[in-house]
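> could you look at this predicted model? Sequence included:
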Amino acid sequence: MRIDLHSHSDASDGTRPPAEVVRRARERGLDVLALTDHDTVAGWDEAAAALPDGLTLVPGIELSCAQGGRSLHLLGYLFDPDEPTLAAELARICDDRVIRARGMVDRLRELGVDVSWGMVRALAKGEAVGRPHIARAMVDAGAITDPDEAFTAQWIAQGGRAYVERYALDPVRAVGLVRAAGGVCVLAHPRARGRGYVFDDEVIEALAAAGLAGIEVDHPGHVAEDRAHLRDLAAALGLAATGSSDDHGALTGDRLGVETTAPDAFERLTAAASTR
């Protein structure tokens, strides 16, 4: 069984509609796919309606959190999106995404970049507008040649000239919210060094104590040494060790299934979710 527990559609910052994501997943030989758009569940219904035979859809989300002033992402699975407290937090996060993105567009214009809110909004087909949409608008405006160039101190990297802070959940609270909604949480790419997502073992241990269910060990952004360490840490903490592509469609080379989760780890997660 081939299981990929981290993917994005154009409901957030992926490039493919949810229906196309699930179709491509099955074509790549996947048996299970989690759709985990940033801070939104807007793609769930379309993905479920288009689900091909032989593919199981795991409804999920990638939650924006902050730890010690740095961005930390949690993957939530199998929760009730209508649970009132969680739903209110998701609405607040999405509202703040718009405010933040508008602020970054304004700063870029002050720096001489010919981007507009209309350009960004046209690229963000879903409700979860984010920095990748701004980066793509910068390419369209001719300010940069590749979206990755936007994520530097010159532009919209954390602390960059056009960067604007955002509202983000405390990760311990986020774990509690997802658990209260019947779901489970996995820490996303905690050693993706190229993207600045590097968290000490103490952070992971604190999340485990709060009810974290797993660690995303096998991720395209993790080197072999970090994978080995995270796998040992997961075992020591009694957490599931997952593997996922973190596919964003064309932005990441359509890499669904490039990393996968072992069936026993997946079973541990589903067994822990009360809404499964």
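Received the coordinates, thanks.
> in a helix, Val22, correct?
Yes. According to DSSP: H, G, I helix; E, B strand; the rest coil, Val22 belongs to a helix.
> show the pLDDT at it.
Per-residue confidence for Val22 comes out at a pLDDT of 98.
> burial check on the nearest residue to it once chain neighbours are set aside, number of neighbours?
Excluding its sequence neighbours, the residue lying closest to Val22 (C-beta to C-beta, 6 or more residues apart in numbering) is Ala47, at 5.0 Å. In short, each C-beta sits where N, CA and C put it, glycine included. Neighbour count for Ala47, taken as other C-beta atoms under 10 Å: 25.
> which residue of this protein sits farthest from its center?
For the chain, the largest distance from the centre (C-alpha atoms, centre = their mean) belongs to Gly112, which lies 30.5 Å off.
> quick one: it from Gly142, how far?
Separation of Gly112 from Gly142 (C-beta to C-beta, to the nearest Å): 11 Å.
> swap in Leu212?
As judged by C-beta to C-beta, Leu212 and Gly142 stand 43 Å apart.
> more crowded one of these two?
Per other C-beta under 10 Å, whichever of Leu212 and Gly142 has more neighbours is Leu212, with 26 against 10.
> verify the stated contact: Arg231 with Thr242.
No. Applying C-beta atoms under 8 Å as the test, Arg231 and Thr242 come out as separate, 10.5 Å apart.
> now do the buried residues in the longest strand along the chain.
Longest strand in the chain by number of residues (criterion: DSSP state E): strand 56-67. For strand 56-67, a neighbour-count test (16 or more other C-beta atoms under 10 Å) marks Leu57, Val58, Pro59, Gly60, Ile61, Glu62, Leu63, Ser64, Cys65, Ala66, Gln67 as buried.
> and the residue nearest the centre of the chain, what does it touch?
Centroid check for the chain by C-alpha atoms, centre = their mean gives Glu62 as the closest residue, at 3.7 Å. By C-beta atoms under 8 Å, 6 or more residues apart in numbering, the contact set of Glu62 is His6, His8, Ser12, Thr36, Asp37, His38, Asp39, His73, Leu74, Leu75, Gly76, Ala188.
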